[in-house]
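> Have a look at this fold, sequence not included:
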Ligand code: GLY
Ligand code: MN
Ligand code: MN
């Protein structure tokens, strides 16, 4: 286990008075050990860490973790028994567990079979270890975003009236997968015409027609790390109203991008964009938060939202994605992904943002 990450875990265990931790979240397991199989647990004692998994993953766990001990469950010895043995060998009495991740029935079974062990819910304390990204993690996120930029450039070359929303999805996804993506960060959104008023519309067989907004929101996974970006274009010539809405969203995004720096809360950055949209008279049509962090998961903490009290620090990532959604008319969202630096932020998204009309 990486020394830095081990020190963070030891500090957390000391702070919470724990003898051991049980890591259940797949991304937390990967972050702490390298094991990317996502099945099983990582037991962390004061002196050792052990991966518990099943026979499908034993070899992978050994290879990816650089030689951590791996215990394989069997019919005779399932997770509760193996965990009980580890705690007993280490003299462990207090065990932190991921209450936001484990199933109630699995926790109940462990509590029943491990009598005498005190279970301490960790809340999001393990996830919080991942908030500040290392330079290596940031490069993976930047590469994932670069693959997205290339897919958008490809889309602009093939986009035509008459294509369906699903055609658009296929163009973006296949381009990302042919150019280094191992998968998608989330189901690709391509929302046209009135559908674009739904921030998370599912793609349909609707055909693009002149006068439509088309919003594409997509991202891929590169070496475990996610990307996320959104662009909105107009099919045919933009109307005056479309142009006004687009320019308002873009100004809101630019205000927020200019503001981002360490020391501001997520709520303060959100307000920068929200006030631009509010002053333009569209406040009621921007219902979601301004952004979220991105890493091994597509949605991570801290958020940029009216209720986010966490303070930005260098090394965090954030999306900046204001939108205006007018029912029965259409909507615009523009989303970039940035890394917070010592004195501002570095934008990882390079796709153009001037209003594009597809003729
Ligand atoms: N569609 C996911 C997001 O932008 O957060
Ligand atoms: Mn997105
Ligand atoms: Mn996003």
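Ah, there it is. As the structure is a computational prediction, the values presented were derived from the model and not from experiment. Ligands and ions are numbered 1, 2, ... in the order given.
> The stretch 1-150 of the chain: strands as residue ranges?
Secondary structure of the stretch 1-150 of the chain by DSSP state E, counting those that start in this stretch: the strands cover 20-23, 41-45, 49-53, 69-72, 94-97, 118-121.
> what do you get for the stretch 201-350 of the chain?
Taking DSSP E, counting those that start in this stretch as the criterion, the stretch 201-350 of the chain carries its strands at 213-218, 220-222, 225-226, 229-235, 291-293, 300-304, 317-320, 323-326, 330-333, 336-340, 345-347.
> rewinding a little: which of the strands of the stretch 1-150 of the chain sits closest to ligand 1?
Among these, the nearest to ligand 1 by Cβ to the nearest ligand atom is strand 20-23 (25.4 Å). For the C-beta atoms, the positions are set from N, CA and C on the backbone; glycine is no exception.
> Note down every partner strand of that closest one and its orientation.
Applying DSSP bridges, strand 20-23 is found paired with strand 41-45 (antiparallel), strand 94-97 (parallel).
> Distance from that strand to the middle of the chain?
Here strand 20-23 is found 23 Å from its chain centre; the criterion is Cα atoms, centre = their mean, to the nearest Å.
> Stretch 30-38 too?
Remark: stretch 30-38 is offset 16 Å from the chain centroid, using Cα atoms, centre = their mean.
> Which residue lies nearest the spatial centre of this protein?
residue 298 (1.6 Å; Cα atoms, centre = their mean).
> so whichever residue of the chain sits closest to ligand 1 bridges to which residues?
Of all residues in the chain, residue 217 sits closest to ligand 1, at 4.6 Å by Cβ to the nearest ligand atom. When assigned by DSSP bridges, residue 217 has beta-bridge partners residue 189, residue 230.
> need the residues of the stretch 251-359 of the chain near ligand 3, please.
Residues of the stretch 251-359 of the chain found near ligand 3 (Cβ under 5 Å from the ion) are residue 319.
> residue contacts, the residue of the chain closest to ligand 1?
188-189, 191, 200, 228-230, 333, 335 (Cβ atoms under 8 Å, 6 or more residues apart in numbering).
> Out of those residues, who's the most crowded?
Per-residue neighbour counts (other Cβ atoms under 10 Å) across these peak at residue 191, which has 29 neighbours.
> same for the one helix or strand that residue maps to, what does it pack against?
Element membership of residue 191 [criterion: DSSP states H and E] is strand 189-192. Applying 3 or more Cβ pairs under 8 Å, 6 or more residues apart in numbering; DSSP states H and E, one finds that strand 189-192 makes contact with helix 165-178, strand 213-218.
> export those to a markdown table and tack on distance to ligand 2?
Below are those laid out as a markdown table (distance: least, Cβ to the ion, whole Å):
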| stretch | distance to ligand 2 |
| --- | --- |
| helix 165-178 | 12 |
| strand 213-218 | 4 |
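> so which of these comes closest to residue 308?
strand 213-218 (20.9 Å; Cβ to Cβ).
> roughly how far is that closest one from the heart of the chain?
In terms of Cα atoms, centre = their mean, the centre of strand 213-218 is found 18 Å from the chain centre.
> Does that strand reach ligand 3?
No: on the criterion Cβ under 5 Å from the ion, strand 213-218 is out of touch with ligand 3, staying 7.1 Å away.
> Now that strand: average pLDDT?
For strand 213-218, mean pLDDT is 98.
> ok, now stretch 265-281?
For stretch 265-281, the mean pLDDT works out to 98.
> That stretch: which residues count as buried?
By neighbour count with 16 or more other Cβ atoms under 10 Å, stretch 265-281 contains the buried residues 265-274, 276-277, 280.
> How about residues contacting it?
Stretch 265-281 has contacts (Cβ under 8 Å, 6+ apart) with 244, 248-249, 251-253, 255-256, 258-260, 283, 285-286, 289-291, 302-312, 318, 320, 322, 324.
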